[in-house]
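Chemist: Everything below, folded, please.
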Amino acid sequence: EEITVDSLLSKLHARIDNHNKRSVPARMALLDDARNSSSTLDTTLSSAVVGPQAAMQITFTSNIRASTPEERASVPTDDPSRPRGLHVRPETYDTILSIIGELKQKPDRQCRVLDFQ
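Modeler: Now for the predicted structure:
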């Protein structure tokens, strides 16, 4: 078999599709379990509200809201030359941006991560 860019791309797409076919049922089961959970309380590891520490603690049942300007300004940065903000995968960018936009338009609104589908 000749190795070409097209053949590599085709095999990569086939592997990704196969992975998605296997992982979707497990992902849906996790979402269903979170939806049906009687507990909606999060057990957090720290008191972080914004920043990397807070982001690492988000689960399906976490309540999220738009941060205040004061909260955003309070996030320490290790490297001042690094841009601040959320770093996300390109395939999730549009969805995340629309969720953030919706939360910023309604600052009093809180939603569970699970509710964004």
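
Chemist: The helix or strand that contains Arg27: which residues count as buried?
Modeler: Assignment of secondary structure by DSSP states H and E places Arg27 within helix 5-36. Taking 16 or more other CB atoms under 10 Å as the neighbour-count basis, helix 5-36 is seen to contain the buried residues Ala34. Heads up, the C-betas are built off the backbone N, CA and C, glycines and all.

Chemist: for whatever helix or strand comes next after it, packing partners?
Modeler: Going down the chain from helix 5-36, the next helix or strand is helix 52-55, by DSSP H and E. Contacts defined by 3 or more CB pairs under 8 Å, 6 or more residues apart in numbering; DSSP states H and E place helix 52-55 against no helix or strand at all.

Chemist: By mean pLDDT, which helix or strand of the chain comes out lowest?
Modeler: Among the helical and strand segments of the chain, the one scoring lowest on mean pLDDT, DSSP states H and E is helix 52-55, with a mean of 77.

Chemist: Distance from that helix to the middle of the chain?
Modeler: Here the centre of helix 52-55 is set off from its chain's centre by 11 Å, with CA atoms, centre = their mean, to the nearest Å.

Chemist: Repeat that for stretch 104-117.
Modeler: Here the centre of stretch 104-117 is set off from its chain's centre by 13 Å, with CA atoms, centre = their mean.

Chemist: what are the C-alpha coordinates of the least confident helix or strand of the chain, in CSV please?
Modeler: Backbone C-alpha positions of helix 52-55 (Å, rounded to 0.1, in the frame of the first residue of the first chain) are rendered in CSV as follows:
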residue,chain,number,x,y,z
PRO,A,52,-7.1,27.4,36.0
GLN,A,53,-7.9,25.9,39.4
ALA,A,54,-11.6,26.5,39.0
ALA,A,55,-11.6,25.2,35.5
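
Chemist: picking that back up, average pLDDT across the helix holding Arg27?
Modeler: Here the mean pLDDT over helix 5-36 is 87, rounded to a whole number.

Chemist: and if you look at stretch 63-76?
Modeler: Across stretch 63-76, pLDDT averages out at 82.

Chemist: tell me the average confidence for stretch 96-109?
Modeler: The predicted model assigns stretch 96-109 a mean pLDDT of 86.
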